[in-house]
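1. Here's a sequence, model it:
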Amino acid sequence: MSLQDDEKRLAGEFSVRYIEDGQVVGLGTGSTAKFAIEALGLKVRQGLKIRGIPTSVRSRDLATQLGIPLTTFEEVQQIDVTIDGADEFDPKLNLIKGGGGALLREKIVAAASRRMVVIADSSKWVEALGRFALPVEVISFGFTATIRAIEQAFIASGCPGPMSLRYASSGHPFVTDSGHLLVDAALERIPDPADLADRLARIPGVVEHGLFIDLAHTAIIAGSGGVQFIEKR
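-> Got it, this is the predicted structure:
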């Protein structure tokens, strides 16, 4: 594995320290969350009693393969802890997520959680969000009108930048687990993430966006010097 993969694995393995017997656990999506799910699977085989709510088909399939019992929002009212990765996070623990295409379900799970633990390698820590392209999930109907509205939101929030429709490896437009399209915006720097999040949320054709504001409580950052823990004040 690469050094970055080693850091991801270290962060994922440390994250299970936040999980206690009997809890409902949100299972994130992505390369770093995969290591956390694998670590949880080992704990379950050793006797840990939990139930998981996955944020994607991929995470559901992995959890099932590892023997992690799953549940649904119809069976539980709240999630105790969600462990998920991030494409970027800033000093206030605001995040950009959605690089793996699961941002809608990830945000639903995060918002229903008492605690969200973000796990990441050291490259994901930034002073200001925006270096990673911001994903925005949209419906296909009225696509062009929605894109125009998104462009205006970027301008109004002080971070204009080009957008591109995401494509799958098949050459067809990428379709999320919920059946929507994704556009990725290269904004470089977002001066006010909360303002932009509010503007995007008010556009009818936008299903969800990749700005996670005031949802994360803890960050576990693995780097060459070990593991750093950051708690939101």
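2. Helices of the chain, start to end?
-> 3-15, 31-45, 57-65, 103-111, 143-156, 193-201 (DSSP state H).
3. Burial-wise, tell me which of these comes out on top.
-> helix 103-111 (a mean of 23; mean count of other Cβ atoms under 10 Å). Using the backbone N, CA and C atoms, a C-beta is placed for each residue, glycine as well.
4. between that one and helix 31-45, how many degrees?
-> 50 degrees (axes from the mean of the first three to the mean of the last three Cα atoms, to 10 degrees).
5. so how far is helix 103-111 off the chain centroid?
-> Centroid displacement of helix 103-111 relative to its chain, using Cα atoms, centre = their mean, to the nearest Å, is 7 Å.
6. Which residues are in contact with P173?
-> Residues in contact with P173 (Cβ atoms under 8 Å, 6 or more residues apart in numbering) are L165, R166, Y167, L181.
7. In the beta-sheet assignment, what are the partners of V138?
-> L181, V206 (DSSP bridges).
8. Would you agree it is in contact with V207?
-> Yes - at 6.2 Å, V138 counts as touching V207 under the criterion of Cβ atoms under 8 Å.
9. what do these two both touch?
-> With Cβ under 8 Å, 6+ apart, V138 and V207 have common neighbours H180.
10. if we can go back for a sec, and the contacts of P173, which two are furthest apart?
-> When Cβ to Cβ is used, the two most widely separated members of those are Y167 and L181, lying 10.2 Å apart.
11. So between those two, which is more surrounded?
-> L181 (19 against 11; other Cβ atoms under 10 Å).
12. list the contacts for that one?
-> So L181 contacts E137, V138, I139, S140, F143, L165, R166, P173, F174, V175 (Cβ under 8 Å, 6+ apart).
13. Nothing else from me, thank you.
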